[in-house]
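> sharing a model that was predicted from the sequence below.
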Amino acid sequence: MILELHNIDKTYLQGKMEVPVLKNISLTVDEGEYVAIMGPSGSGKTTLMNIIGCLDLPTAGTYSLAGENIIGSSEKKLSEIRLNSIGFVFQSFHLLPRQSAVENVALPLLYAGVSKRKRRERAIRALERVGLGDRVDFKPNQLSGGQCQRVAIARAIVNNPKILLADEPTGALDSQSGAQIMELFQTLNDEGVTVVMITHDMDVANHAKRILHIRDGRFAEQTALDREVTA
């Protein structure tokens, strides 16, 4: 088991009023799984992803990642977990426009204190892994949208994270580029990478082996077998 959330609540304060966003969420994900979380705007899926990604902490409940208790961790510890254990892929690629592909991919290694030579070597290997070995010195404005997302994925996996979190990874792409990105996620999962993906697109979610539907801060699981029955 790579992550476990138990009875997670998240409540925000708006003035003096409490606004519950997540309500009694429990979730386990095994190492090597591929899980999609679907829900409409305001359903709580982004808040849930922020908690899984250690960008936010729950109001109540427990969370362990690779057997390590996350609740109560210092901000420094959470930063270390985000750097070494979690890879993030967003709808917006968040690439530095003046940096080459290899320099963008190497950024997490810079923060981890890896030497310059090893940073470049590992970044090139990550780019080769996503099919961009011939684009290492290209800048984002010299790449297509799909290629920029591949650079972002290479950056997410360069530290060999325990889990890859993807938030609407095809949302800014045309259908052909989106299909190529989903093929890449499938390849990474086949290689053993654990993937948790947020999406509103059922075609995208259907690439996952398990789908969770979240609404009003709660979700019900729908398995691959359920999808076959309801198809």
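That came through, no problem.
> tally of neighbours for the residue lying closest to Pro58 once chain neighbours are set aside?
Nearest non-adjacent residue to Pro58, counting by C-beta to C-beta, 6 or more residues apart in numbering: Ile8, 4.7 Å away. From N, CA and C alone the C-beta is placed, and that goes for glycine too. Residues contacting Ile8 under the criterion other C-beta atoms under 10 Å number 24.
> go on, Ser175?
Ser175 has 9 neighbouring residues, counting by other C-beta under 10 Å.
> please report phi then psi for it.
phi -60, psi -40 (degrees, to the nearest 10).
> how close does it sit to Ala152?
Distance of Ser175 to Ala152, computed by C-beta to C-beta, to the nearest Å: 19 Å.
> picking that back up, dig out what the residue nearest to Pro58 forms beta bridges with.
For Ile8, the beta-bridge partners under DSSP bridges are Ile25.
> I'd guessed Met182 sits against His207; true?
Yes. Here Met182 reaches His207: they are 4.9 Å apart, a contact under C-beta atoms under 8 Å.
> surely Pro40 meets His200?
Yes. Between Pro40 and His200 there is a contact at 7.0 Å, judged by C-beta under 8 Å.
> contacting residues for Pro58?
Ile8, Asp9, Lys10, Leu22, Ile51, Ile71 (C-beta atoms under 8 Å, 6 or more residues apart in numbering).
> swap in 6 Å and give it another go.
For Pro58, the contact set (C-beta atoms under 6 Å, 6 or more residues apart in numbering) comprises Ile8, Lys10, Ile51.
> make CSV out of those and add distance to Thr170 and pLDDT.
Output for these, formatted as CSV (distance: C-beta to C-beta, whole Å; pLDDT from 0 to 100):
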residue, distance to Thr170, pLDDT
Ile8, 27, 95
Lys10, 26, 95
Ile51, 23, 94
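> name the nearest of the residues you listed relative to Lys162.
Nearest to Lys162, judged by C-beta to C-beta, of those is Ile51 at 15.7 Å.
> looking at whichever strand or helix holds Val151 now, give me its mean pLDDT.
If you go by DSSP states H and E, Val151 is part of helix 145-157. Averaged across helix 145-157, the pLDDT comes to 94.
> check contacts around Leu95.
Per C-beta under 6 Å, 6+ apart, neighbours of Leu95: Asn104, Pro140, Cys148.
> and the residue positioned nearest the centre of the chain, what's its pLDDT?
Closest to where the C-alpha atoms of the chain average out (C-alpha atoms, centre = their mean) is Leu165, at 1.1 Å. Here the pLDDT value assigned to Leu165 is 95.
> Pro140 versus Leu96, what's the distance?
Distance of Leu96 to Pro140, computed by C-beta to C-beta: 8 Å.
> quick one, which of the two is more surrounded?
Neighbours were counted for Leu96 and for Pro140 using other C-beta under 10 Å; Pro140 has more, 20 against 11.
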